[in-house]
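K.L.:
No sequence on hand, only this structure:
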């Protein structure tokens, strides 16, 4: 009898130890996720503060809040409210849109090369915008609308060309579509006059230098509509990352994957419409966030990384050289390409879902 009691106590103790181990294993990724997201939030705040307060014309924190709440300081008020602050806010919003869109593409298609930059979505927006500027002589809101239509049209056409061949065919079709659209852009570029060339270059490289509050308001409204839809639609993202066959077996059909991708296309479209196709942001935000989180996909992390990249790159583009202001996309491309090669060479593109 006593031996039986001892055995039961031993088994109960072993079970308790096993439960404790499982609980610790579950808490560890959650703790890391909270710490990483908190760190990224602090980093984004610091980069935005540097973009707004530092540079050629510096602001103290008290002066910043005085101007923000309505005080008029000759010269300083205009620089802050019409140049520095709009660029920082627009950069953060565009970075969120690109970061979330890129992470969705890569997670849903289970391919680190699957981003709006590569599969033709960004180039579709650029091509339609360039055609609207050069051939149709449009400007302002109609050009932004053309960019949105171009992104959606390119995504739909790629999906139709890829057919039921799976994500591999989709990526290949997207690469081919991007190459074809780039040829269209090059042809239209040869027809542009000197003034139009400046606008065309913005739609080819991406920049937040022309940020204004009407654009920021429109982008904010678009994100307030799209991001809740993305949150709802991506509840099935962990299942979609298992692959089409596994997802179908678990009751998540291909229509959910198409819906998630279309929302990512719309996020890319509104981002491009606001600031042009800033290179490599959508490509790198997801891998960097996964690297920090131990290989787990998180849209919040990708959004924070994307916003930090765009705002930081805009600061570098504005102040890297004294006499030259580079477009934001030039800096993200210059720093993004080597980092992407390092990610691929080191094999740090694996995914787990959290």
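P.N.:
All right, it came through fine. Here the structure is a predicted model, which means the values were calculated and not measured.

K.L.:
Just the buried positions in stretch 296-311, please.
P.N.:
Residues 296-311 are the ones in stretch 296-311 that count as buried (16 or more other Cβ atoms under 10 Å). (C-beta placed from N, C-alpha, C; glycine too.)

K.L.:
Keep only those of those residues that are in helices.
P.N.:
Counted as lying in helices by DSSP state H, out of these, are 299-311.

K.L.:
and which of the buried residues of stretch 296-311 is nearest residue 68?
P.N.:
Nearest to residue 68 among the buried residues of stretch 296-311: residue 311, at 17.6 Å, using Cβ to Cβ.

K.L.:
For that closest one, which non-adjacent residue is closest in space?
P.N.:
For residue 311, ignoring the flanking residues on the chain, the nearest one in space by Cβ to Cβ, 6 or more residues apart in numbering is residue 91 at 4.2 Å.

K.L.:
That neighbour and residue 332 touch, don't they?
P.N.:
No - if you go by Cβ atoms under 8 Å, residue 91 and residue 332 don't touch, sitting 10.8 Å apart.

K.L.:
intersection of neighbour lists for the two?
P.N.:
residue 310 (Cβ atoms under 8 Å, 6 or more residues apart in numbering).

K.L.:
the more surrounded of the two?
P.N.:
residue 91 (31 against 27; other Cβ atoms under 10 Å).

K.L.:
how much distance is there from whichever helix or strand the residue nearest to residue 311 is part of to the middle of the chain?
P.N.:
Secondary structure from DSSP states H and E places residue 91 in helix 85-109. Distance of helix 85-109 from its chain centroid, counting by Cα atoms, centre = their mean, to the nearest Å, is 3 Å.

K.L.:
got it, and stretch 53-66?
P.N.:
Counting by Cα atoms, centre = their mean, stretch 53-66 comes out at 28 Å from the chain centroid.

K.L.:
Likewise for stretch 103-116?
P.N.:
That offset, for stretch 103-116, works out to 11 Å (Cα atoms, centre = their mean).

K.L.:
start to end distance for it?
P.N.:
10 Å (Cα to Cα, to the nearest Å).

K.L.:
Could you give me the buried positions within it?
P.N.:
103-116.

K.L.:
how many other residues sit next to residue 152?
P.N.:
Neighbours of residue 152 under the rule other Cβ under 10 Å: 19.

K.L.:
What is the helix or strand hosting it packed up against?
P.N.:
Counting by DSSP H and E, the element that carries residue 152 is helix 141-162. Judged by 3 or more Cβ pairs under 8 Å, 6 or more residues apart in numbering; DSSP states H and E, the packing partners of helix 141-162 are helix 121-134, helix 167-190, helix 194-205, helix 254-275.

K.L.:
which of the buried residues of stretch 103-116 has the weakest pLDDT?
P.N.:
Model confidence across the buried residues of stretch 103-116 bottoms out at residue 113, which has 69.

K.L.:
which residues does the residue nearest the centre of the chain contact?
P.N.:
Nearest residue to the geometric centre of the chain (Cα atoms, centre = their mean): residue 99, 1.7 Å. By Cβ under 8 Å, 6+ apart, the contact list for residue 99 reads 281, 282, 285, 286, 289, 302, 303, 304, 305, 306, 307, 309.

K.L.:
Same question for residue 115.
P.N.:
Counted by Cβ under 8 Å, 6+ apart, residue 115 has contacts 101, 102, 105, 106, 282, 283, 286.
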